[in-house]
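Q: below are the sequence and a predicted model; questions follow.
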Amino acid sequence: MGGGDKSLLPLSDRPVLAEVVDRLAPQVGPLVLSANGDPGRFAAFGLPVVPDTLEGFHGPLAGIEAGLSWVRAECPGVAFAVTVPGDTPFIPADLVTRLADGKGTAAMAVAVSAVGLHPVVGLWPVGIADALADALARGERRASQFVREEGAAEVSFAPVSIAGSEVDPFFNINTSEDLDYARDLAARA
């Protein structure tokens, strides 16, 4: 995509991230953005922005660890946090409820759809931040490996219907073609 923040690209008349925030906000308490670099680029959202606690780029696990550490420090008593990527504009309106119901006796739950496991879309116990930090210190970078090692429940999600098209609810924007497709869906919806 040429660098930059995919989440800040316009979907229709607003950034992709605005769609993600609008879908997630009714399902959770306080929201926080995990992002490195200048936090000012997200000022329009009025949300706290937390960078990774590790130097360099360590991927989504580092962002999840930073977010969970923020929740632990800023929201005492909160036991779980939900994570979603900022480039997934069609997350389900019942994501959190379904993850919580599907967790069962597992410590955490992650989403699965027809395209596979979505380890960054998950319901995480806040206390797992230390295990994440340890995994990152050992060089772990794959979220899928971490959630499987932790025994995460895998909660299945069917495609969602948007303007007559069946769409993976965790469709994420990785290419200019993906962005065009998401824009077309948003315009038709």
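A: Here it is on my side, so go on.

Q: ok now the helix ranked longest in the chain, how far from the chain's centre?
A: Using DSSP state H, we find that the single longest helix of the chain is helix 60-74. On the basis of C-alpha atoms, centre = their mean, to the nearest Å, helix 60-74 sits 12 Å off its chain's mean C-alpha point.

Q: show me which residues of that helix are buried.
A: 60-71 (16 or more other C-beta atoms under 10 Å). The way it works is simple: take the backbone N, C-alpha and C, and place the C-beta from them, glycine included.

Q: cool, and stretch 105-113?
A: For stretch 105-113, a neighbour-count test (16+ other C-beta under 10 Å) marks 106-113 as buried.

Q: farthest pair within those?
A: Longest distance between any two of these is 21.6 Å, between Ala107 and Ser113; criterion C-beta to C-beta.

Q: what ranges do the strands span in the chain?
A: Listed in chain order, the strands found in the chain under DSSP state E are 33-34, 49-50, 80-83, 109-113, 116-125, 153-156, 160-162, 165-167.

Q: what sits against Ala93?
A: Taking C-beta atoms under 8 Å, 6 or more residues apart in numbering, we find Ala93 in contact with 23, 26-27.

Q: can we see that at 6 Å?
A: For Ala93, no contacting residues are found, by C-beta atoms under 6 Å, 6 or more residues apart in numbering.

Q: ok, Phe42 to Thr88 distance?
A: Counting by C-beta to C-beta, to the nearest Å, the gap from Phe42 to Thr88 is 17 Å.

Q: so the two - more neighbours on which side?
A: More crowded of Phe42 and Thr88, by other C-beta atoms under 10 Å: Thr88, with 24 against 20.

Q: which residues sit in contact with the more buried one?
A: Thr88 makes contacts with 170, 172, as judged by C-beta under 6 Å, 6+ apart.

Q: would you mind measuring from it to Ser113?
A: Counting by C-beta to C-beta, the separation of Thr88 from Ser113 is 11 Å.

Q: got any residues that touch both of the two?
A: Phe170.

Q: how close does the closest residue to Thr53 other than its chain neighbours sit to Ala187?
A: In this structure, Thr53 finds its nearest non-sequential neighbour in Ala66, 5.3 Å apart by C-beta to C-beta, 6 or more residues apart in numbering. Counting by C-beta to C-beta, the separation of Ala66 from Ala187 is 34 Å.

Q: same check, this time on Val121
A: Val121 is 25 Å from Ala187, by C-beta to C-beta.

Q: over to Ala129?
A: Using C-beta to C-beta, we find Ala129 at a distance of 39 Å from Ala187.
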